[in-house]
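Trainee: build me a structure from this.
(chains A, B and C)
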Amino acid sequence: MYPEPIENFYAPTALSEALDLLAKHSNEARLIAGGQSLVPQMRAREVKPRTLIDLNRITDFTAIEINGDRLRIGALVRHRAVASDASLHANCAAFAEAARAIGDRQIRNRGTLVGNIVNADHTADMLGPAIAFDARLGIVGGASGMRSAAVESFVTGPRACGLAADEIVSFIDIPLSRHRTGSCYLKHGRVAQDRATLGVAARIIIDANGGCIDARVVVTGVLPKPVRLGELEAALLGKTAGRMDLINPSDLTASHVATQSDELASSAYRTQLLRVMTPDAIAYAFRRAG
Amino acid sequence: MNTQEQTWVGRSIRRKEDHRLLIGDGRYVADMTLPRMLIAAFVRSPHANARIIHIDASRALTMAGITEVKTGKDLEHLGPVLSDLSIPRLPGETKRPVFWPLPVNEVTYVGDLVAVVIGRDKYVVEDAVHAVAVEYDVREAVLDPEIALLPDSPRVYSDWDDNVVYHQHFSGGDIEQAFASADLVVSQRFRSARSGASPMEPRASIAEYSAAEGLTVWLTTQRSHIKRHLLAEYFKIPDSKIRVIAPKDVGGGFGVKAPLYREDIVLCHLSMCLKRPVKWVENRQENLVNIGQERDQIHDIELALRKDGKILGIRDRMVADCGSAQVPIYVSFSMPWLGAMYLTNGYDIPNIDIDLYCVVTHKPGLTPSRSFGSFTCRFAIDRIVDIAARRLKIDPVEIRRKNAIKKYPHTLATGVHCDSGDFPGALDKACHAIDYERFRKEQQAARGEGRYLGIGFSLGIEFSGLSSQILVPMERQPGFGVATVRFDANGNVQVAHGDQPQGQGHDTTIAQVVADELGLTPDDIYVISGDTQSAPFAAGTLASRMGGYTLSAAVLAARGLRPKLAAIAAHHLGISAGEDEFVFRDGEVMLAADPTQRVAVARIAETAMLAPTELPPGMDGGLENTAHFEADTTGMHSTNVHVVTVEVFPNTGDCQILRYIAVDDCGRPVNPTMVRGQIHGGVALGIGNACQEEFVYDEAGNPLVTTLTDYLMVSARDLPHIEVINHDNPSPHTPLGTKGKGEGPTGMVPGALGNAIEDALSPFGVTIAELPMTKERIWTLIDEASR
Amino acid sequence: MKREIGITINGERIEAFVEHRLLLVDFIREVAGATGTHVGCGFEGRCGACTVLVDGAACKSCLMFAVQAEGTDITTIEGLARGDTLHPLQQAFTDRHGLQCGYCTPGFLITLYDYLKDPECDASAEGIREAIGGVLCRCTGYVHIIEAAQQAIEVLAQMDGAERAKWFPK
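Mentor: This next block holds a predicted model:
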């Protein structure tokens, strides 16, 4: 299956050039980075851009760097780099786990972390870790010229996000805590390599005594967008890894997440996965923090 | 008769096919381009049941390079596709769906053909396909085969008095007596969703026509001669004016590339009209919604047993959803029919009563897939035996020992003949390999820790080709194997045969057997198949026929040349000696009694081919022989036992296969590594179909599975290591004792796995009766049982 | 709608005037004529038969446009052998019967090339299964493919650095 004709194709080498092109073609243009979701959508003729702007030649986008209390990942950093980066492993293992859970070796060689988030599929593996870490996107272009947006509010629905037609996401910032932090991403698919029937990302920050001072637990694979388990997060405050028995996460999850039935799973099965995976994700995160 | 110390047969030599494929030099139909070639693509129906009101191609025809848009009306004059030649002639009641190469008035499933677009560039041709506007009158679709059987159901074919395309009642022995004398009757309903083989290479064809040469068609097919014959009949031109070529490289078949398809007919017609080559390459979406779907059966089984576990009889009401059945040759009911014939399989069940209903619905017609018609039957029979064993508190191995076929020859109650085998020995090997008793102890210990391990066995027979006694009534096609062995003037040997491969490695195995017969090496031999202009007539590649039939024909064809080779050698040596006094070794024909008396095969060939004046007086020139092999039995089979252990995680329904062991009978393996490759692949397909692959339809008949991201074809990450243990029982009916291998391993899987999963979950009391056994299905069963 | 591009395929620069929408796999197969790279899915990018090395990284050429590959260096199955000598990976595939119909073989060879070029790659069956999860095979059940990969890892491990480097240029 082949896409519709593409009238214009540009491969700018500088961000400013990309922004100019976008301003000129914004209503009919799509940006392409990894393209591992966009090209199939174009080939299925679900998406029919008249203009394609390829970001792959913009070199400013390719770094993973620690910047004070943030870890910054450029918009062209591929999943493969995320999966194998040492500083990511040390500081935010959930991202590395999510990167390894995406597609396959070839897809990971090409697809990008930022692209996975901007594509905003409700099953996207990177959304859970990004929201669990309260990551923020650096966005350029548009009226403001430059702005920052929390992933949590940026994603508005399945395949929908708050990126304006004349904006480009240039990086994602992951805040790093001074305290010990543990995180985990668990994914369940129908088979080894699949979209997420359900994904659970957890990030736990503990103090010197091992007590939880901040917790985030995010569920993906549910509609219309990822859900934070707020009451569970609140209940985890002050708890230690050793005193997990004080809370019963499974009581806290099912009633707060409306799981849907779709081609991947029934609502009942998703709810069951939620009950099973949430405590596991939290336990792993605690273990890694400690 | 080969006297070499080491024969080529039995050695795992590297395949002759490999080199070209490893350097990217294979040649598949999609790789070919011909001068002036046009590209075809099909407009397909978005509705399961609709009348075509109007087709407007005007916009499509304005696009660059688009030359034609043809509809069913344009091709109606060609007539309906099915004829006496292309419909099975089985005992029982058969109806004939009337359909054309392109539907004239109505479409019968989502994905059905509507029109064909022809142009120069495949991208633009696809644009044009999207630009064809079709107006439909959409009607309610008939989708559930059991509802379709109800008297007041709407009809798929309005001129039929019901929706049954084929009905047959099989009976054998005395079923009433069997059930009357039973201590226990167990009954269970089994069913499977649609799944199948889906080879990695989709279909492709190129048709070219010239007034002088006639029609030449390159096809991704398993059976070029049969297709040529059917095309000739359809177009009312002589066979000699059609040449069908299956190229050396076809990317997997597994039965899916056995039928003649309507698209093939359309392509041929277009090339004849346009006098230009026309090419069509199926895309994966077309592939998944049209072909490769099988397994769709419901079985209501009752099994009568004595309390010692001896099975007395079986009843089955079998309903097969055949879809619209618009598939020439098989008409979608050949598979369930053969499945029913083999229902009791490796179990000795003398009394049977099987009522088979093959039903049409508004889905794509069933197409053959490895384990032809038997996959769901095998699941049902291996499962019902375990269910009975549990009720009788008999060990699943013991009940199999008691009921497996033991005496040969044996005839199934449906009439299928079994020549040889050894189930008790295979069961012993399986139990030993898995360390059965130790596993049972581990299983007990694991239960104590809240872990759920299980073990499952299956046993069954694999046909080694189908004899003419079965193939003639089934498809009016011969079961014989055929090969021509022909020397070149330099002493090399060409073997032409009738079973073109789709990856099985026939070039290699044929070369091995012929090398032994003639004292040559496989490098001296090259193999030709697939082209009707150079390969001898045969039914093509199906039913694991190579090992039993075609290899045997090659052996006999080569063997038949030995007297002439010996006579020429004797003449050259100036001695008088018969064939039995010579040995054929190292490229020479030599006297056994005095190996210094020898003549190179190359010299003999050179004499026969180029210098007939130097032949013994009265001998004709040339060095070539053709043999047809038909076994002196109506059915050759191998006997196999598989055992699998699993751990099931009740919280999620995840099932991990711990070990998978296939105890396998290949008669006499020609190339043991290649035999293992066949078993690995067969088992992998079986695991995929049994656990995760499923074609799903919604209530309107829309396919919900149209991509490989939803048709969950089994990947390396989903599979365990597959262990193979040889338990070879040479066939008494083939010259080398060889048996076929390929079709069988797949059908062994669902029963073994289903038994293992149910065994693991026995504390929950669940019954595994539906395929595929997905994680969610397993969890749902546990959840329901726990309430 | 069209532009002139140049892509180096197995060392040979191929220039052509192509539509923007032309997929890289069609450039490789139909413009460059390197038909050893195959197509097994429609648009979903799941089967992996089209896998090629784009500037050294294994990518699915059905999920890229040819215009995106302008100026890149691409290696396909046709580019693995050195003259008449098969790459150790190719040799292992024939030694261990790692292929049957051959349709998926380009995907496995290129993906495993990408995996094996790291001398520290995990030689366990588990590691190899993970690495080849993006290529589907319907014939082999993957068992002999995994054995072939392990043989190649072993053979390469016995080579000295220079000899090994010959099989993984750049």
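Trainee: neighbouring strands - and their directions - for the host helix or strand of residue B:52?
Mentor: Per DSSP states H and E: residue B:52 is located in strand B:50-56. Using DSSP bridges, strand B:50-56 pairs in its sheet with strand B:106-107 (antiparallel), strand B:133-138 (antiparallel).
Trainee: show residues contacting it.
Mentor: Identification of contacts with strand B:50-56 by Cβ atoms under 8 Å, 6 or more residues apart in numbering or on different chains yields B:43, B:69, B:71-72, B:103, B:105-107, B:114-115, B:132-139. Just so you know, the C-beta spots here come from the backbone N, C-alpha and C atoms, and that holds for glycine as well.
Trainee: report the closest residue of the stretch 51-200 of chain A relative to chain B.
Mentor: At 3.5 Å from chain B, residue A:192 is the closest residue in the stretch 51-200 of chain A, using Cβ to the nearest Cβ.
Trainee: closest to residue A:158 out of the strands paired with strand B:50-56?
Mentor: strand B:133-138 (28.4 Å; Cβ to Cβ).
Trainee: how about the helix or strand just after that closest one: buried residues?
Mentor: Downstream of strand B:133-138, the next assigned helix or strand under DSSP H and E is helix B:145-148. For helix B:145-148, the neighbour count (16 or more other Cβ atoms under 10 Å in any protein chain shown) marks B:145, B:148 as buried.
Trainee: give me the distance between helix B:145-148 and the centre of its chain.
Mentor: The chain centre lies 27 Å from the centre of helix B:145-148; the measure is Cα atoms, centre = their mean, to the nearest Å.
Trainee: helices or strands next to it in the packing?
Mentor: When contacts are defined as 3 or more Cβ pairs under 8 Å, 6 or more residues apart in numbering or on different chains; DSSP states H and E, helix B:145-148 sits against strand B:311-321, strand B:351-359.
Trainee: wait, is residue C:164 part of a helix?
Mentor: Yes: under DSSP: H, G, I helix; E, B strand; the rest coil, residue C:164 sits within a helix.
Trainee: OK, contacts around whatever residue of chain C ends up closest to chain A?
Mentor: Closest approach between chain C and chain A, counting by Cβ to the nearest Cβ: residue C:134, at 2.6 Å. Counting by Cβ under 8 Å, 6+ apart, residue C:134 touches A:103-107, A:193, C:46, C:48, C:51, C:60, C:107, C:111.
Trainee: per-residue pLDDT, the residue lying closest to it once chain neighbours are set aside?
Mentor: The shortest distance from residue C:134 to any non-neighbouring residue, by Cβ to Cβ, 6 or more residues apart in numbering or on different chains, is to residue A:104 (2.6 Å). pLDDT recorded at residue A:104 is 98.
Trainee: same question for residue B:188.
Mentor: pLDDT, residue B:188: 98.
Trainee: tell me where the chain has helices.
Mentor: Chain wasn't specified; assuming chain A. A:15-25, A:38-43, A:79-84, A:86-91, A:93-101, A:105-110, A:113-119, A:127-132, A:151-154, A:230-236, A:249-253, A:267-289 (DSSP state H).
Trainee: try again with chain C
Mentor: C:24-26, C:88-95, C:105-116, C:125-131, C:143-157, C:161-167.
Trainee: what is the second one packed up against?
Mentor: Meaning helix C:88-95. Under the contact criterion of 3+ Cβ pairs under 8 Å, 6+ apart, helix C:88-95 touches helix B:18-22, helix C:105-116, helix C:143-157.
Trainee: OK, contacts around the residue most central in space within chain C?
Mentor: Nearest to the mean C-alpha position of chain C, by Cα atoms, centre = their mean, lies residue C:110 at 2.2 Å. Contacts for residue C:110 (Cβ under 8 Å, 6+ apart) come out as C:51-53, C:58, C:75-77.
Trainee: now it: how far from residue C:89?
Mentor: For residue C:110, the distance to residue C:89 equals 9 Å [Cβ to Cβ, to the nearest Å].
Trainee: in a helix, residue B:12, correct?
Mentor: No: under three-state DSSP, residue B:12 sits outside any helix and is assigned coil.
Trainee: pretty sure it contacts residue B:673?
Mentor: Yes: the pair residue B:12 and residue B:673 qualifies as a contact (Cβ atoms under 8 Å) at a distance of 3.6 Å.
Trainee: who touches both of these two?
Mentor: Common neighbours of residue B:12 and residue B:673 (criterion: Cβ under 8 Å, 6+ apart): residue C:97.
Trainee: before we move on, back to that, next, the residue nearest to residue C:134: phi, psi?
Mentor: phi -150, psi 180 (degrees, to the nearest 10).
Trainee: nearest to chain C: which residue in chain B?
Mentor: For chain B, Cβ to the nearest Cβ, closest residue to chain C: residue B:24, 2.0 Å.
Trainee: and stretch B:579-590, C-alpha only, in PDB?
Mentor: What follows is stretch B:579-590, C-alpha atoms only, in PDB (Å, rounded to 0.1, in the frame of the first residue of the first chain):
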ATOM      1  CA  GLU B 579      24.300 -54.800 -14.300                       C
ATOM      2  CA  ASP B 580      24.500 -56.700 -11.000                       C
ATOM      3  CA  GLU B 581      28.200 -57.300 -11.600                       C
ATOM      4  CA  PHE B 582      28.900 -53.600 -11.600                       C
ATOM      5  CA  VAL B 583      29.100 -51.100  -8.900                       C
ATOM      6  CA  PHE B 584      28.400 -47.400  -9.400                       C
ATOM      7  CA  ARG B 585      30.800 -45.300  -7.400                       C
ATOM      8  CA  ASP B 586      32.900 -42.100  -7.500                       C
ATOM      9  CA  GLY B 587      31.600 -41.200 -11.000                       C
ATOM     10  CA  GLU B 588      32.500 -44.600 -12.400                       C
ATOM     11  CA  VAL B 589      30.900 -47.800 -13.300                       C
ATOM     12  CA  MET B 590      33.300 -50.600 -12.200                       C
END
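Trainee: per-residue confidence averaged over it?
Mentor: pLDDT averaged over stretch B:579-590 gives 97.
Trainee: quick one, grab the pLDDT at residue 2.
Mentor: I went with chain A, as the question did not name one. Residue A:2 is assigned a predicted lDDT (pLDDT) of 98.
Trainee: hmm, no, I was thinking of chain C.
Mentor: 96.
Trainee: burial of the closest residue to chain C within chain A, as a residue count?
Mentor: Closest approach between chain A and chain C, counting by Cβ to the nearest Cβ: residue A:104, at 2.6 Å. Per other Cβ atoms under 10 Å in any protein chain shown, the neighbour tally for residue A:104 reads 24.
Trainee: isn't it up against residue C:133?
Mentor: Yes: counting by Cβ under 8 Å, residue A:104 touches residue C:133, with 4.8 Å between them.
Trainee: find the residues that touch each one of these two.
Mentor: Joint contacts of residue A:104 and residue C:133 (Cβ under 8 Å, 6+ apart) are residue A:193.
Trainee: for chain C, what are the nearby residues on the stretch 401-550 of chain B?
Mentor: Residues of the stretch 401-550 of chain B lying close to chain C by Cβ under 8 Å from any Cβ of the partner chain are B:502-505.
Trainee: mind running it again at 6 Å?
Mentor: For the stretch 401-550 of chain B, the contact set with chain C under Cβ under 6 Å from any Cβ of the partner chain comprises B:502-503.
Trainee: in the stretch 401-550 of chain B, mark out all the strands, start to finish.
Mentor: Taking DSSP state E, counting those that start in this stretch as the test, the strands found in the stretch 401-550 of chain B are B:410-411, B:417-418, B:452-463, B:481-487, B:493-497, B:525-528.
Trainee: minimum distance to chain A: which of those has it?
Mentor: Nearest to chain A, of all those, is strand B:452-463, at 14.9 Å by Cβ to the nearest Cβ.
Trainee: one step back: now, the contacts of residue C:110 that are in strands?
Mentor: Judged by DSSP state E, the subset of the contacts of residue C:110 located in strands is C:51-53, C:58, C:75.
Trainee: turn these into CSV, columns for pLDDT and neighbour count.
Mentor: As requested, the ones in strands among the contacts of residue C:110 are arranged in CSV below (pLDDT from 0 to 100; neighbours: other Cβ atoms under 10 Å in any protein chain shown):
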residue, pLDDT, neighbour count
C:51, 98, 33
C:52, 98, 30
C:53, 98, 24
C:58, 98, 30
C:75, 98, 22
